[in-house]
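1. The sequence isn't on hand, but the structure is:
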């Protein structure tokens with residue numbers, strides 16, 4: 001059974017940094033796209049950043065130049081380095097895997113982590 005486990009959220013001051021990590025546990029053969037989403041207070045969940053199996057990345061306009069997504073396929077992890085944090089980055093951040101192939105060559109879709117809280121405040 002595949003699970004996504006997130007870590008690294010917490011409190012940061014404006015202008016500070018946090019690093020989120022997500023580990024996909026289970027018997028995984030390959031993962032297509034890994035990403036980070038967030039739900040800001042009073043808003044719908046939105047994409048923050050995604051990275052494909054080929055290393056192509058995309059970012060929300062609001063985080064471009066401040067956040068960096070990276071993945072390690074040997075470890076089945078995806079990280080989000082968040083710099084120059086702003087109070088409007090405060091929210092719950094979720095790790096996502098859109099599609100994976102398990103050890104039995106079965107294709108499975110749409111996995112989510114439990115969410116990790118990020119608070120940016122002085």
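-> Nice, thanks for sending it over. None of the values given here were measured: they were computed from a predicted structure.
2. Touching the helix or strand harbouring residue 108 from outside, list them.
-> Per DSSP states H and E, residue 108 falls inside strand 107-112. For strand 107-112, contacts defined as CB atoms under 8 Å, 6 or more residues apart in numbering pick out 2-4, 24, 94-102. (Each C-beta comes from the backbone N, C-alpha and C, glycine too.)
3. for stretch 78-90, same thing?
-> By CB under 8 Å, 6+ apart, stretch 78-90 touches 12-22, 24, 34-36, 38, 40-41, 48-49, 51, 62-63, 66-72, 93, 95, 118-121.
4. Equivalent analysis for stretch 42-60, please.
-> 30-40, 63, 67-71, 73, 78, 80, 91, 93-94, 96.
5. what do you get for stretch 92-106?
-> So stretch 92-106 is contacted by 2, 4, 6, 9, 20, 22, 24, 26-39, 45, 48, 50, 78, 80, 107-113, 115-118 (CB under 8 Å, 6+ apart).
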